[in-house]
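[1] Turn this into a model:
(chains A and B)
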Amino acid sequence: KQEVTQIPAALSVPEGENLVLNCSFTDSAIYNLQWFRQDPGKGLTSLLLIQSSQREQTSGRLNASLDKSSGRSTLYIAASQPGDSATYLCAVRPGTGANSKLTFGKGITLSVRP
Amino acid sequence: EPEVTQTPSHQVTQMGQEVILRCVPISNHLYFYWYRQILGQKVEFLVSFYNNEISEKSEIFDDQFSVERPDGSNFTLKIRSTKLEDSAMYFCVTNLGAGRGSYNEQFFGPGTRLTVL
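    Below is the predicted model:
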């Protein structure tokens, strides 16, 4: 059974800092991995999706990497801003089914202090 | 940009009552899912739906739950007899499908907060 872990559960940084959020998963046979952002009481917004054959994806100040063999992904946020404060969730889709369910981590709650 | 919509945004119900949560998927998407998130816990999968039938369901999705797409547009989740532990945020999710150039990115609706008293 796939397990997704995100540590630490919460992180507080000063504005302007570059930071890395970690995600690990137990079964490396994945189809893809997706990073989401969730604001309090709201839905999930997709940030980046990495296929199993890819090593990284970039969007603006965000860069996500994937090391499938070691079961790890990182989300790098450059020059953090107070508006980046949110919970960041990592989710993986199994390699057995391109349209099958996502398994989520519990998320990392990020607070960027002005 | 197209988006998934859900109604209502918040539903309060008494234990034992039936509730129907509604979703309008993105128009050309073919795969539909319901996930839920109990406060402070992980987002967890309930059911997936394709070609008018359930393709996968979790242990949570017991006989009290059902899904349908009655008119080809709305996608609904029905809980027949709600329990206190059904209180959660319910998310409708859709994707275009593999092999259609989308890499199967999943698009989440804003959620319906269900409160069972």
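[2] tell me the contacts of residue 29?
    Defaulting to chain A. By Cβ atoms under 8 Å, 6 or more residues apart in numbering or on different chains, A:Ala29 lies in contact with A:94-96. Yep, even glycine has a C-beta here, placed from its N, CA and C like the rest.
[3] Correction: the question concerned chain B.
    B:94-97, B:107 are the contacts of B:His29 under Cβ under 8 Å, 6+ apart.
[4] give me phi/psi at it?
    Main-chain dihedrals, B:His29, degrees, to the nearest 10: phi -80, psi 150.
[5] Can you verify A:Gly83 is assigned to a strand?
    No - A:Gly83 is assigned helix when assessed by DSSP: H, G, I helix; E, B strand; the rest coil, not a strand.
[6] show me where the chain has strands.
    Using chain A. With DSSP state E as the criterion, chain A has strands at A:4-5, A:10-14, A:19-25, A:30-38, A:44-51, A:56-59, A:62-67, A:72-77, A:86-94, A:103-104, A:108-113.
[7] ah, no, chain B please
    Counting by DSSP E, chain B has strands at residues B:5-7, B:10-13, B:19-24, B:31-37, B:43-50, B:53-57, B:65-68, B:75-79, B:88-95, B:107-108, B:112-116.
[8] So for the last one, what gets flagged as buried?
    Judged by neighbour count using 16 or more other Cβ atoms under 10 Å in any protein chain shown, the buried positions of strand B:112-116 are B:112-114, B:116.
[9] From the contact counts, what lies against it?
    strand B:10-13, strand B:19-24, strand B:88-95 (3 or more Cβ pairs under 8 Å, 6 or more residues apart in numbering or on different chains; DSSP states H and E).
[10] got a list of contacts for it?
    By Cβ under 8 Å, 6+ apart, the list of residues contacting strand B:112-116 from outside reads A:41, B:6-15, B:19, B:21, B:79, B:82-90.
[11] Name every sheet partner of it and say whether each one runs parallel or antiparallel.
    With DSSP bridges as the test, strand B:112-116 is paired with strand B:10-13 (parallel), strand B:88-95 (antiparallel).
[12] who are the neighbours in contact with residue 80?
    As the question left the chain open, I've gone with chain A. By Cβ under 8 Å, 6+ apart, A:Ser80 lies in contact with A:13, A:15-19, A:110, A:112.
[13] my bad, chain B
    By Cβ under 8 Å, 6+ apart, the residues touching B:Arg80 are B:18, B:63-66.
[14] Any figure for the gap between the residue nearest to B:His10 when sequence neighbours are not counted and B:Gln64?
    Excluding its sequence neighbours, the residue lying closest to B:His10 (Cβ to Cβ, 6 or more residues apart in numbering or on different chains) is B:Arg113, at 4.7 Å. Applying Cβ to Cβ, to the nearest Å, the value for B:Arg113 to B:Gln64 is 19 Å.
[15] ok, now A:Gln81?
    Applying Cβ to Cβ to A:Gln81 and B:Gln64 gives a distance of 44 Å.
[16] and what of A:Thr87?
    Using Cβ to Cβ, A:Thr87 is found at 29 Å from B:Gln64.
[17] Which one's more surrounded, the two?
    In this view A:Thr87 and B:Gln64 are compared by other Cβ atoms under 10 Å in any protein chain shown, and A:Thr87 has more residues nearby, 19 against 14.
[18] which residues touch A:Ser73?
    Applying Cβ under 8 Å, 6+ apart to A:Ser73 gives the contacts A:22-25, A:33, A:35, A:50, A:64-67, A:90.
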